[in-house]
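Visitor: sequence? don't have it. structure:
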């Protein structure tokens with residue numbers, strides 16, 4: 001009876017099992033417990049507090065080790081090195097481009113200057129001939145020029161020299177060589193353009209005014225080839 005009561009208590013209420021009389025008799029006489037079929041096998045799960053603590057400590061240790069591994073990661077160091085190299089190379093490239101552009105500008109200026117002033121030495125050598133031609137024209141008195149009854153041959157020579165000078169000066173001006181006479185416009189003395197040979201008092205003129213030109217000046221494309229030799233007024 002005691003075994004039957006224990007057997008009934010061990011059976012679950014929700015499970016209805018049909019057991020034949022012979023099987024029940026064998027179970028009562030056999031001290032081994034009955035085995036009932038189950039729909040799903042029950043697998044036991046074991047939990048350990050020590051294991052959880054160990055896993056927590058391992059995870060915390062791994063989290064702490066992550067930044068340390070990043071700091072010491074050779075890939076990160078290599079990436080930083082490559083970034084520095086890229087920045088350095090970019091800076092060098094921009095400097096090289098700027099230097100090359102400056103070189104181009106200087107080369108253009110040098111070529112332009114060479115074109116404009118290539119004949120400077122030739123122009124300097126030609127100035128004496130122009131001065132002699134100008135002196136030859138000044139030998140003819142102004143009162144005889146254009147007068148009737150004057151020497152016809154002399155007037156023809158004078159007109160020929162005047163035409164030669166005009167054509168010569170036009171040709172030189174075409175190539176950038178120009179002559180200037182500061183006394184014609186009563187200019188102020190400019191040390192960049194004029195060379196003062198003497199100073200004198202002259203009533204009715206301001207100090208520093210050019211009143212006479214002893215030798216005319218020449219400029220080549222705005223650059224003074226020869227300064228004009230002049231006399232300057234100085235009343236004070």
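Guide: Thanks, I have the structure now. Just so it is clear, the structure is predicted and the values come from calculations on it, not from any experiment.
Visitor: CA only for contacts and neighbour counts going forward, please
Guide: OK.
Visitor: helix or strand for residue 115, which one?
Guide: Residue 115 belongs to helix 74-116 when elements are defined using DSSP states H and E.
Visitor: any stretches of this structure with poor pLDDT?
Guide: 1-72, 146-150 (pLDDT under 70).
Visitor: before we move on, back to that, for the helix holding residue 115, name the packing helices and strands.
Guide: The helices and strands touching helix 74-116, judged by 3 or more Cα pairs under 8 Å, 6 or more residues apart in numbering; DSSP states H and E, number zero.
Visitor: neighbouring contacts of the helix or strand just after that helix?
Guide: With elements assigned by DSSP H and E, the helix or strand that comes after helix 74-116 is helix 120-138. The contact list for helix 120-138 (Cα atoms under 8 Å, 6 or more residues apart in numbering) reads 158, 161-162, 165, 177, 220, 225-226.
Visitor: now swap in stretch 210-229 and tell me
Guide: Stretch 210-229 is contacted by residues 116-117, 120, 124, 176-183, 186-189, 192-197, 230-233 when judged by Cα under 8 Å, 6+ apart.
Visitor: before we move on, what about stretch 143-160?
Guide: In contact with stretch 143-160 (Cα under 8 Å, 6+ apart) are residues 137, 140.
Visitor: now it: buried residues?
Guide: Neighbour-count burial for stretch 143-160 flags 155, 158 (criterion: 16 or more other Cα atoms under 10 Å).
Visitor: what of stretch 129-137?
Guide: residue 137.
Visitor: which ones are touching residue 103?
Guide: Residue 103 neighbours (Cα under 8 Å, 6+ apart): none.
Visitor: distance of it relative to residue 110?
Guide: Plainly put, residue 103 is 10 Å away from residue 110 if you go by Cα to Cα, to the nearest Å.
Visitor: cool, residue 196 as well?
Guide: Separation of residue 196 from residue 110 (Cα to Cα) stands at 33 Å.
Visitor: the more surrounded of those two?
Guide: residue 196 (18 against 12; other Cα atoms under 10 Å).
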